[in-house]
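*Asks:* here is the input, now give the coordinates:
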Amino acid sequence: QLALVESGGGLVQAGGSLRLSCAASGFSLDDYAIGWFRQAPGKEREGVSCITSGGTTNYADSVLGRFTISRDNAKNTVYLQMNSLKPEDTAVYYCAGDSTDWGTLRRFEYDYWGQGTQVTVSS
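*Replies:* The predicted structure follows:
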């Protein structure tokens, strides 16, 4: 069974850091673009960052310079390092896989989704 599992969320003070992980099971991430999305209460799910199979990255303007996405194909895992966190970063964070490997932040292009991990940033 194909699955993506996020971990690493939690509660952190503003200015702090967290590293999220997205681990795949049942398939290899090698040929997929992997994206991170987030959804805050009452808001639409938005793209945060993505990385193609070749390592090309893309970031939303709101996180550029603060978040870094990376992948370790040997571990079948993608990471999102989040620094200088702000209260407005509070959301459920989801990772998703795109078999077309386009590397965009458009959620409808993603085939597989994890269950999400909560990130809460206190002021």
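
*Asks:* CA only for contacts and neighbour counts going forward, please
*Replies:* Will do.

*Asks:* specify the beta-bridge partners of the most centrally placed residue in the chain.
*Replies:* With distances taken as C-alpha atoms, centre = their mean, the chain has Trp36 as the residue nearest its mean C-alpha position (2.3 Å). With DSSP bridges applied, the residues forming beta bridges to Trp36 are Ser49, Cys95.

*Asks:* same deal with Val5?
*Replies:* The residues listed as beta-bridge partners of Val5 by DSSP bridges are Ala23.

*Asks:* mind checking how far it is from Gly15?
*Replies:* Distance, Val5 to Gly15, by C-alpha to C-alpha, to the nearest Å: 26 Å.

*Asks:* which residue packs closest to Cys50, ignoring adjacent ones?
*Replies:* Leaving aside its chain neighbours, Cys50 sits nearest to Gly35 (3.9 Å; criterion: C-alpha to C-alpha, 6 or more residues apart in numbering).

*Asks:* same thing with Ser84?
*Replies:* With C-alpha to C-alpha, 6+ apart as the measure, Gly15 is the residue that lies nearest to Ser84, at 4.2 Å, once sequence neighbours are left out.

*Asks:* check the gap between Ser123 and Gln13 for me.
*Replies:* Counting by C-alpha to C-alpha, the gap between Ser123 and Gln13 amounts to 6 Å.

*Asks:* more crowded one of the two?
*Replies:* Higher neighbour count among Ser123 and Gln13: Gln13, with 14 against 11, using other C-alpha atoms under 10 Å.

*Asks:* check contacts around the spatially closest residue to the more buried one that is not a sequence neighbour.
*Replies:* Using C-alpha to C-alpha, 6+ apart and skipping the chain neighbours, the partner closest in space to Gln13 is Ser122 (4.8 Å). By C-alpha atoms under 8 Å, 6 or more residues apart in numbering, the residues touching Ser122 are 11-14, 86-87.
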